[in-house]
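J.: What follows is a predicted protein model with its sequence.
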Amino acid sequence: MLWITIIIVAVVLLFLYSVLPNIVTRLFHWFAVARGPSVSSVALTFDDGPDPDYTPRLLDQLHEYNIKATFFVLGEKAQAYPDLVRRMLREGHDVQIHGWKHQLVPILGPRQTVRQFKETQSLLKREFGVSAVLYRPTWGLSNLVTLLTSFKSVKLVTWSIMVGDWRVTQSEVLQDRIVRHLHKGAVIVLHDSDKTAGAEDKAPEQVISLIEGLAQTVRDRGYQFIVFKDWVKF
């Protein structure tokens with residue numbers, strides 16, 4: 001029957017467009033960077049900022065403990081708080097792309113999908129002189145357009161350690177979760193904003209409190225923090 005055929009075709013197309021790209025990038029880690037080389041270094045990364053309530057204090061902590069991190073920023077926030085981006089760069093951090101808005105990429109159409117990373121990429125180049133080529137989609141989720149266009153424009157990035165810091169969780173618990181999964185070439189993802197869907201109010205306070213203990217523990221294990229882009233050749 002025609003309507004059954006239409007439903008089957010629609011389901012198949014939806015699977016190919018919104019589901020399959022996440023299977024290959026998140027489950028099999030194809031076409032995306034989820035970890036660095038097997039050397040004694042780790043990449044500390046932050047999503048969802050810059051945020052005027054949390055990012056300055058986070059930067060204070062990173063400076064205090066001599067950690068260089070990678071910030072995957074939202075374009076609309078980078079545009080709203082340019083001084084925070086300039087401070088990130090001035091203090092030796094890496095700034096890369098998290099999207100323009102915090103949207104669910106698998107449900108975006110092709111034009112909106114490309115806008116997510118292209119407009120942020122253009123802003124970073126125009127306003128800050130940053131040639132950003134690394135793109136971590138919001139929630140780490142992509143669609144077929146993201147996957148196909150990423151071969152020419154950006155390199156997709158995910159992570160190897162996520163600890164649920166978008167919920168209010170004691171810093172000691174977050175540190176324990178990180179350390180239990182720590183490995184050579186680990187890509188650790190944390191968040192410096194509580195203003196996106198799913199984030200709990202004040203959750204980044206614990207992330208800020210985490211930095212001191214995490215810096216000591218990671219170094220005691222024989223690892224060093226590295227700026228993520230130094231691992232990736234594009």
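T.: Received the coordinates, thanks.

J.: Format the CA atom coordinates belonging to the worst-scoring helix or strand of the chain on mean pLDDT as PDB.
T.: None of the helices or strands of the chain scores lower by mean pLDDT, DSSP states H and E than helix 2-14, at a mean of 76. C-alpha atoms of helix 2-14 as PDB (Å, rounded to 0.1, in the frame of the first residue of the first chain):
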ATOM      1  CA  LEU A   2       1.200   3.500  -0.900                       C
ATOM      2  CA  TRP A   3       1.000   4.900   2.600                       C
ATOM      3  CA  ILE A   4       3.000   2.000   4.100                       C
ATOM      4  CA  THR A   5       5.700   2.600   1.500                       C
ATOM      5  CA  ILE A   6       5.700   6.300   2.300                       C
ATOM      6  CA  ILE A   7       6.100   5.500   6.000                       C
ATOM      7  CA  ILE A   8       8.900   3.000   5.400                       C
ATOM      8  CA  VAL A   9      10.800   5.500   3.100                       C
ATOM      9  CA  ALA A  10      10.400   8.300   5.700                       C
ATOM     10  CA  VAL A  11      11.700   6.100   8.500                       C
ATOM     11  CA  VAL A  12      14.700   5.000   6.400                       C
ATOM     12  CA  LEU A  13      15.500   8.600   5.400                       C
ATOM     13  CA  LEU A  14      15.200   9.700   9.100                       C
END
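
J.: centre of the chain versus it, how much separation?
T.: 34 Å (C-alpha atoms, centre = their mean, to the nearest Å).

J.: buried stuff in the helix or strand that that helix is followed by?
T.: As assigned by DSSP states H and E, the chain's next helix or strand after helix 2-14 is helix 20-22. Buried residues in helix 20-22, counted by 16 or more other C-beta atoms under 10 Å: 21-22. The C-beta positions use only the backbone N, C-alpha and C, and glycine is treated the same way.

J.: what mean pLDDT does helix 20-22 have?
T.: Helix 20-22 shows a mean pLDDT of 94.

J.: who does it touch, helix- and strand-wise?
T.: Packed against helix 20-22, as judged by 3 or more C-beta pairs under 8 Å, 6 or more residues apart in numbering; DSSP states H and E, are the following elements: helix 144-149.

J.: Could you give the separation of the helix it packs on from the chain centroid?
T.: 17 Å.

J.: contacting residues around that helix?
T.: 16-18, 20-21, 24-25, 31, 105, 110, 113-114, 116-117, 137, 156 (C-beta atoms under 8 Å, 6 or more residues apart in numbering).
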